[in-house]
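[1] The following block contains a protein sequence and its predicted model.
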Number of protein chains: 2
Amino acid sequence: MQLEHTLKNPYAHEYQLLIKNILNAPIYFDPNQEIVYRGEKRFTYATFKKRVHKLAHMLSALGVKKGDTVAVMDYDSHRYLECYFAIPMLGAILHTINIRLSPEQILYTIDHAEDDVILAHTDFLPVLEQIKGRLDVEHFIVLCDDEKMPPTSLHVKGEYEALLDKEPDFFEFPDFDENTRATTFYTTGTTGFPKGVYFTHRQLVLHTLGTLSTLGSAPHQGNFRQGDVYMPITPMFHVHAWGLPYVATMLGVKQVYPGRYIPDLLLELIDTEKVTFSHCVPTIMHMLFNSPKIHEVDLRGWKVMIGGAALPKAMCQEALKRGIDMFTGYGMSETCPILSIAQLTPEMLERDDDAQSDIRIKTGRSMALVEIHVVDETMQSLPQDGAHSGEIVVRSPWLTQGYFKDQKNSELLWHGGYLHTGDIATMDEKGYIKITDRMKDIIKVGGEWVSSLELEDIINRHPFVKEVAVIGINDDKWGERPLALVVKDPAKPLSDKELLLHAKEFINKGIMARESMLLKIKFVESIDKTSVGKIDKRELRKKYSH
Amino acid sequence: MQLEHTLKNPYAHEYQLLIKNILNAPIYFDPNQEIVYRGEKRFTYATFKKRVHKLAHMLSALGVKKGDTVAVMDYDSHRYLECYFAIPMLGAILHTINIRLSPEQILYTIDHAEDDVILAHTDFLPVLEQIKGRLDVEHFIVLCDDEKMPPTSLHVKGEYEALLDKEPDFFEFPDFDENTRATTFYTTGTTGFPKGVYFTHRQLVLHTLGTLSTLGSAPHQGNFRQGDVYMPITPMFHVHAWGLPYVATMLGVKQVYPGRYIPDLLLELIDTEKVTFSHCVPTIMHMLFNSPKIHEVDLRGWKVMIGGAALPKAMCQEALKRGIDMFTGYGMSETCPILSIAQLTPEMLERDDDAQSDIRIKTGRSMALVEIHVVDETMQSLPQDGAHSGEIVVRSPWLTQGYFKDQKNSELLWHGGYLHTGDIATMDEKGYIKITDRMKDIIKVGGEWVSSLELEDIINRHPFVKEVAVIGINDDKWGERPLALVVKDPAKPLSDKELLLHAKEFINKGIMARESMLLKIKFVESIDKTSVGKIDKRELRKKYSH
């Protein structure tokens, strides 16, 4: 008996999962709770909420409306948090620009995302000035810390604080379809051009609830809860700082935004603001561990989720020795990002640091509502025995539906109805995943992706190079750095210094990420091939990555 | 710039929030974790999952398909949990029949819900036999504990275990729209006939995530987390046992189902199975506290959420003395049900038991994604000052969209686009709500509101009073005036004049409106209760209001 037609009630409110609900219906809202910027500025949640409303008024006055795109170039700040809310709450799309890209890449992403307005910190005005002749952007707003607004050749609308000041502190945010796009940003992945991923309000709200359900409910370790003090050390342009500013706001906890990352300042903030939960890539943690100030700060009780690159075991052990609860979170730009977290069972927590580290550096267990399968090439699920390895494919409510204006790669991403991570892993019977390899030819340098294919392309352009393969090699500081294995023309003279100069010429033109500079060269007699004649990177990694 | 049309990707998986995802994508799935029935039967999660698949096969074989309604009459059991999953996962609707209703009312709800199949415990066969001539139901399945299936005049299909046994243990559950109805049940509220509420897959999944986000993330008190041991003491027919079996399954914790409520067995199960989280109405807790066995069981660390009726302060203090973390959860059948939870801040937890109890017995703070407003008669929000009182109206993703086949009451429920709870409350600046009365429990004396709950509280404080209910009675002069129906301790002397003096002492202190002075006292032998053990004010008004 189908009776669904009798169930419509035009009077009932059809609740949409909108970002404004994170702000308006959190778990806890203490109007006096604090949001701190660099230890210098302090705002209450009551003020923060008003500032979100003011920002919406300010953007509306500039003509920003539903479907428009507003970009931000800033360090981790209270301002960025305000943008995380106000821009999508208007129905507009927040484009978080990767400030570490080259000017050419930044131009490409601004153009591709069709940004209408850009809010930029003073430090990034020179980059915008450099490309302004080719920018089709309506308005610029400058974000200053305490300094005065510097002179600029950009046609700027004004300074953020001065503009906010004038606006009323209540904005009537509209209701709209939860499937409205809320955010976009660019991932510098496998191919030449950065690819745009995008997430809807529904996806971000569900990612917040799924993350909170998983992180919140862990009793002993790997948790983020009411009463914590939050400080991100992941750039806010990077996959919504892993979605955790939204989680923190829903929890109503104190939030600390550190601005530009300066190791001593980060440590000082952890100390003075009593930070208890953070997340970062291994490279940042390496910086902190190498700062002399580390010896002055008691880090016991600090919880740190590590992502973006594999957590080295030595780093994890060092952290445990200092009383830090360090654990892996796994995900990627395409996945909003969190898919799995290395949470330990009580039984695992009884093991010694060494044995615990083996689990903490793994990929963990899938979060609430994340369905992870390890499959073979025909998309058949492999046994959950911790031995069979295959590609990780995923279903979840918060995965990008594709790459922006790139149908071909969108189809590849979702081949067979599952999102393909390109990571090779095993899974045990309790769902613990361990990544063993990567399908894609990507090198993660300090959390940033460097394309080995692009580097190969550049090196190949040198007339004396016969063949080249670029792989990532382990590096204590950067996690990975690129190594080019080069077969040169035996008849021609070519030193590694000459070849590096050649490569850096291209890198300096801004074609590639700055991190490509860490390239190393090694001349070899020949390069291993697979049975079908392709370069066998797995074999090369085995030989050279250590 | 509107670019939404470019974002469609037919290859991407459009994730629906379905109940099957709670089972398939939980936070943790340990195949060896246990589900226990009365301490007698033990199933692993791996087996439980297979039984859900078997049940789906069994129902499919009976012809159950999307849109059909399957009803259950059982005590709290592993079987009921299997029905919570298998029935909605087929796209069918689970009707949880209130086994405490009269046969006529049960007939009404079976008929009104249009049940196609009924699964009934042997204890409820007599009720069904009594009404079978008027039942339009296709199949009956009998749920037995260890006894053999009794003879019955019903045309039954067979016994649950025997039928399950024959079925294969993998069923390919379909994907469908998350707005498909998943459950229905009947609330015996204010009017003559029970009213049917209904919830979709989306609503139940979001209720699970919202509850888990809120209960999981509380660090010190009022939490439900990984590693807990769960035992409901709320009938599973009653608003999905407050949704917590779904939460428990998503957490992957050990679950204990107690069957019919026998105080000694409940206490024994808490003890032997090491139960750490439960929920019940005050009446059940009263039964447990009065069982002699209570002195043999260590209840320290047991967390109990109390709902369904106001938590008496004395009960809360008794619980705290025993080391039980007792706290209020607030909601109603119409709201899936949880809206708010009495979670305490660290500062509140430092207070003594007496002061803590004042907060624990309150209505608490709204959960994640629950937007609660306290409004006046024109739907204007009142100040959040802990003083202004008005009706609680709500928005949230998990509120029933109406009453089944009852357009008039659906409209009233959603008058003005908010769900009306009929509860009168105050809210303070941090969002703590305190219910002061039910709309229908408010007595209007000469145009002024008098709270029957407050009057009950005052009268209850007299040591010779066993039970009290205050209602409004018609009065020519005042419109209404309060009447207290009092059950006194038969061993103690107490006149109505003495009790009035006691009450007026409090009233004179200015605790209550002057109009409360018009209180009348009537001693009675007993006070009528509803099927779920609440004071039946409707019945009392019928008897005494003229």
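    Yep, it's here. Residues are numbered from 1 along each chain as shown, chains lettered A, B, ... in the order given.
[2] drop to CA atoms for contacts and neighbour counts, all remaining ones
    Fine.
[3] Tell me the secondary structure at the spatially closest residue to A:Pro168 that is not a sequence neighbour.
    Once flanking residues are discounted, A:Pro168 sits nearest to A:Lys54: 5.8 Å by CA to CA, 6 or more residues apart in numbering or on different chains. Using DSSP: H, G, I helix; E, B strand; the rest coil, the structure places A:Lys54 in helix.
[4] Equivalent analysis for A:Glu515, please.
    Under three-state DSSP, the three-state class of A:Glu515 is helix.
[5] I figured the residue nearest to A:Pro168 was touching A:Phe173, is that so?
    No - at 11.5 Å, A:Lys54 does not count as touching A:Phe173 under the criterion of CA atoms under 8 Å.
[6] Looking at these two, which one has more neighbours?
    Per other CA atoms under 10 Å in any protein chain shown, whichever of A:Lys54 and A:Phe173 has more neighbours is A:Lys54, with 23 against 13.
[7] where in the stretch 351-500 of chain A is pLDDT low?
    The stretch 351-500 of chain A contains residues with pLDDT under 70 at A:437-441, A:449.
[8] Recalculate using a threshold of 50.
    By pLDDT under 50, the stretch 351-500 of chain A has no low-scoring segment.
[9] Name the residues of it found near chain B, please.
    Proximity of the stretch 351-500 of chain A to chain B, by CA under 8 Å from any CA of the partner chain, involves residues A:365-371, A:395-397, A:401-402, A:404-405, A:407, A:410-411, A:414-419, A:429-431.
[10] ok, the residue nearest to A:His121 when sequence neighbours are not counted - contacts?
    Sequence neighbours aside, A:Leu143 is the residue nearest to A:His121 in space, at 4.3 Å (criterion: CA to CA, 6+ apart). Counting by CA atoms under 8 Å, 6 or more residues apart in numbering or on different chains, A:Leu143 touches A:74, A:119-122, A:159-161.
[11] out of the residues you listed, who's nearest chain B?
    A:Leu119 (18.1 Å; CA to the nearest CA).
[12] In helices, which of the residues of the stretch 351-500 of chain A next to chain B fall?
    A:407, A:410-411 (DSSP state H).
[13] now the residues you listed as JSON lines including distance to B:Val127 and neighbour count?
    Listed next are these as JSON lines, based on distance: CA to CA, whole Å; neighbours: other CA atoms under 10 Å in any protein chain shown:
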{"residue": "A:Gln407", "distance to B:Val127": "61", "neighbour count": "17"}
{"residue": "A:Ser410", "distance to B:Val127": "58", "neighbour count": "24"}
{"residue": "A:Glu411", "distance to B:Val127": "58", "neighbour count": "19"}
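[14] Closest to chain B out of these?
    Among these, and counting by CA to the nearest CA, the member closest to chain B is A:Glu411, at 5.9 Å.
[15] okay, the residue lying closest to that closest one once chain neighbours are set aside: pLDDT?
    Sequence neighbours aside, B:Tyr11 is the residue nearest to A:Glu411 in space, at 5.9 Å (criterion: CA to CA, 6+ apart). Looking at B:Tyr11, its pLDDT is 90.
[16] ok, back up a step: for the residue nearest to A:Pro168, give me its contacts.
    A:Lys54 neighbours (CA under 8 Å, 6+ apart): A:164-165, A:167-171.
[17] Same check on A:Ile324?
    Going by CA under 8 Å, 6+ apart, A:Ile324 touches A:299-304.
[18] A:Pro463 now?
    By CA under 8 Å, 6+ apart, A:Pro463 lies in contact with nothing.
[19] Please report how far it lies from A:Leu519.
    Shown here: A:Pro463 relative to A:Leu519, a distance of 19 Å by CA to CA, to the nearest Å.
[20] quick check, A:Lys504 in a helix?
    Yes - counting by three-state DSSP, A:Lys504 is part of a helix.
[21] What is the burial count for the nearest residue to it once chain neighbours are set aside?
    Using CA to CA, 6+ apart and skipping the chain neighbours, the partner closest in space to A:Lys504 is A:Met517 (6.7 Å). Using other CA under 10 Å, A:Met517 has 15 other residues around it.
[22] picking up where we left off before, what's the ChimeraX line that selects buried ones from the contacts of A:Lys54?
    In ChimeraX syntax, the buried subset of the contacts of A:Lys54 is picked out as below (16 or more other CA atoms under 10 Å in any protein chain shown):
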select /A:164,167,169,171
